[in-house]
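J.: coords please:
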Amino acid sequence: MNVKVRCLGGKKFEMTARAHKVLSDQPFDNDGTDSAMTPPELFLSSLGACAAYYAEEYLRVRGLPDEDLEIRISALKGAKPARIASIQIDVIAPGLTQRHRDGLLRAVDACLITNTLHTPPHMDVRVVASSAAVEQEELISVG
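T.: Here you go, the predicted model:
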């Protein structure tokens, strides 16, 4: 998986993955133009979309209704270091038996993003002189 992030000026950015583009910005009170979600909102959206995908798959495979499926996510910020300190995921799926609610919970808990948060990946951050240097390294590692 690869994503490219490009600065569009001010506090606005464009993220590209394959042929898809998503924007992020900051609210007015943080000197942005409030034209898109903030990065933390995109993060929570990613988690919600992943949960929704796994939930919908569970319902579809079992022939259960999915038209009223809704995922709501709320989060609280933490400080020192700045981070998202807690996340609440509510899966709204009316009309299910307790057995299917339990199965749906297991399905959502299997989401790739949820698993990533439970077992954080190793992450390297580096500063390079140009995108050409990164592309050259990518070619060498594939070769």
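
J.: what's the distance between Ser46 and Glu67?
T.: 23 Å (CB to CB, to the nearest Å). No exception for glycine: its C-beta is placed from N, CA and C like everyone else's.

J.: neighbour-wise, which of the two wins?
T.: Legend: neighbour count by other CB atoms under 10 Å for Ser46 and Glu67, higher for Ser46 (16 against 6).

J.: Can you check the pLDDT for the spatially closest residue to the more buried one that is not a sequence neighbour?
T.: Spatially, and ignoring its direct neighbours in sequence, Ser46 is nearest to Ile113 (5.8 Å; CB to CB, 6 or more residues apart in numbering). On pLDDT, Ile113 comes in at 96.

J.: Hmm, Ile113 is touching Ser45, no?
T.: No. Look at Ile113 against Ser45 with CB atoms under 8 Å: they stay out of range, at 10.3 Å.

J.: Which of those two has more residues huddled nearby?
T.: Ile113 (17 against 14).

J.: ok so, going back, what is in contact with Ile113 and Ser45 at once?
T.: Listed as contacting both Ile113 and Ser45 by CB atoms under 8 Å, 6 or more residues apart in numbering is no residue at all.

J.: could you check the distance from the spatially most central residue of the chain over to His122?
T.: Taking CA atoms, centre = their mean as the criterion, Ser46 is the residue nearest the geometric centre of the chain, at 2.2 Å. Relative to His122, Ser46 is positioned 19 Å away (CB to CB).

J.: cool, Lys12 as well?
T.: Where His122 is concerned, Lys12 sits at a distance of 30 Å (CB to CB).

J.: Also Leu104?
T.: 31 Å.

J.: Next up, the contacts around Cys111.
T.: So Cys111 contacts 47, 50-51, 53-54 (CB under 8 Å, 6+ apart).

J.: wait, Glu70
T.: So Glu70 contacts 91-93 (CB under 8 Å, 6+ apart).

J.: mind checking the backbone torsions on it?
T.: Per-residue torsions, Glu70: phi -150, psi 140 (degrees, to the nearest 10).
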